[in-house]
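>>> quick one, what's the 3D model for this:
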Amino acid sequence: MKTYRVNEIFYSLQGEGRWTGRPAVFVRMSGCNLSCPFCDTDFTHYTEMTAQDIVEQCLRTGSECRFIVLTGGEPSLQADDALIEAWHQAGYYVAVETNGTHLLPQGIDWITCSPKKAFVETQVAVVLPHANELKLVFDDKHPVDCCHLKADYLYLQPCDTGNDEQNAIIMKHCIEYIKQHPEWQLSLQTHKIIGIQ
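All right, here's what the predicted structure looks like:
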């Protein structure tokens, strides 16, 4: 029986993008094909789980919630039709956060694409043709690039450098950019601001 490498499953509020503030069961998959300098996930620890194991853990973790956020790492390296269908059979709405460098299985209800090609040394292309939302990390160094991806909603998210002074400058410049390019909206990492996972 197929297993998936799961870094963690936890219940919290979505902190970013269109669904900010919505309760969600987060399923963080282990492993990524990129190595972004600001990544804060430890992929050396994971548990091998079947699709049924994952669904059962989700039901225990957030028993009242039927909203999944599949994240990573890069979930497209492992997610497949069987996993998405197992969640749907249990009544879940499935959202995924991806860097867009691999195609996704069918049936995902909400796709958030956050391309990272500006932050990695290897040349990687976004292959997804469409996403519900495009969320770009704004670091004040790289140009804003949609990567030819069509999306219903466009978000810029100021990069968290770990330096408060630098973060304030990036935030100011991100806001100014959005004011000059009103097709974009601001996405903040509200989970960090209010101190939750």
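>>> give the bridge partners for the residue nearest the centre of the chain, please.
In the chain, the C-alpha nearest the mean C-alpha coordinate belongs to Glu97, at 2.9 Å (CA atoms, centre = their mean). With DSSP bridges as the criterion, Glu97 is bridged to Thr112.
>>> can you give me the strands in the protein?
For the chain, the strands defined by DSSP state E cover 4-13, 23-29, 47-49, 67-71, 93-98, 110-113, 130-138, 150-158, 185-186.
>>> run the chain-centre distance for the last one.
Pointing back at strand 185-186 there. 16 Å (CA atoms, centre = their mean, to the nearest Å).
>>> can you report how many residues neighbour Val137?
Look at Val137: counted by other CB atoms under 10 Å, it has 21 neighbours. Quick note: C-beta positions are derived from backbone N, CA and C, even for glycine.
>>> doesn't Thr161 make contact with it?
No: in this structure Val137 lies outside contact range of Thr161 using CB atoms under 8 Å: 10.7 Å.
>>> what are the phi and psi values for Asp109?
phi -80, psi -30 (degrees, to the nearest 10).
>>> residues touching it, list them.
Shown in contact with Asp109 (CB atoms under 8 Å, 6 or more residues apart in numbering): Tyr93, Val94, Ala95.
>>> cool, Ala90 as well?
Val55, Cys58, Leu59, Arg66.
>>> any idea how far Cys65 is from Ile9?
From Ile9 across to Cys65, the span is 12 Å (CB to CB, to the nearest Å).
>>> select the longest helix from the chain.
Taking DSSP state H as the criterion, the chain has its longest helix at helix 164-180.
>>> tell me the buried residues in stretch 100-118?
100-102, 104-105, 108, 110-117 (16 or more other CB atoms under 10 Å).
>>> now, which of those sits nearest Ile178?
Ile178 lies nearest to Ser114 out of the buried residues of stretch 100-118, by CB to CB, at 16.7 Å.
>>> report the spatially nearest residue to the closest one, omitting neighbours in sequence.
Lys135 (4.5 Å; CB to CB, 6 or more residues apart in numbering).
>>> thought Trp19 was touching the one you found, still the case?
No: taking contacts as CB under 8 Å, Lys135 lies outside contact range of Trp19: 11.2 Å.
>>> quick check: buried residues in stretch 136-144?
Across stretch 136-144, burial judged by 16+ other CB under 10 Å covers Leu136, Val137, Phe138, Asp139.
>>> meant to ask about stretch 44-58, not that
Tyr46, Met49, Ala51, Asp53, Ile54, Val55, Gln57, Cys58.
>>> any idea how far the second one is from Thr3?
Read that as Met49. For Met49, the distance to Thr3 - CB to CB - is 6 Å.
>>> just the fifth one next, same as before
Plainly put, Ile54 is 10 Å away from Thr3 if you go by CB to CB.
>>> end to end, how far does stretch 15-31 reach?
22 Å (CA to CA, to the nearest Å).
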